[in-house]
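*Asks:* With the sequence up front, the predicted model follows.
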Amino acid sequence: MTYQPPSPDAAVPPPGCPAHQGAVPLYGEGFQSDPARLYRELRRDHGPVAPILLDGGIPAWFVLGYREVHQVAGDSQLFARDSRRWHAWDRIPPCLLYTS
C-alpha cells in the first residue's frame, strides 16, 4: 500500500473539532478485559454511533446500531471505502502510513 496525501481541497475539520470530544479509546486494558461492557457504555453514552480513538489517538466513528451499520455498508456514495476521501491523514503517525 502506498500513502497518497489528500487533495488540497479536501475538507479538514478545525483543530479541536467538537465531534470527537469525549471520544473513547478502543484499545488498552478496559477494552482488552471486557469489550462487551465498553460497547454497552458506548451505546448508553453516545447512541448507535460513537466517537472513538484507535490505538495511537487516531479518531474514528464506531457504528454500533444495526440500522446504522446497514446504512454505512449499503450506501457507497455517502460512505465510500476510498481512503483518498478521508480527511485526517495528518493525524496518522508516519510509521503506520507506509506499511505493505
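*Replies:* Okay, I see it. Numbers count the residues shown, from 1 in each chain.
*Asks:* worst-scoring helix or strand of the chain, pLDDT-wise?
*Replies:* helix 94-97 (a mean of 70; mean pLDDT, DSSP states H and E).
*Asks:* Any stretches of this structure with poor pLDDT?
*Replies:* Flagging of the chain using pLDDT under 70 yields the residue ranges 1-20, 96-100.
*Asks:* Do a quick rundown of the strands in it.
*Replies:* Shown for the chain, the strands assigned by DSSP state E span residues 24-25, 49-54, 58-63.
*Asks:* which of these sits most buried?
*Replies:* strand 49-54 (a mean of 18; mean count of other CB atoms under 10 Å). For every residue, glycine as well, the C-beta is placed using N, CA and C.
*Asks:* what packs against that one?
*Replies:* When contacts are defined as 3 or more CB pairs under 8 Å, 6 or more residues apart in numbering; DSSP states H and E, strand 49-54 packs onto strand 24-25, helix 35-46, strand 58-63.
*Asks:* This completes my enquiry, with thanks.
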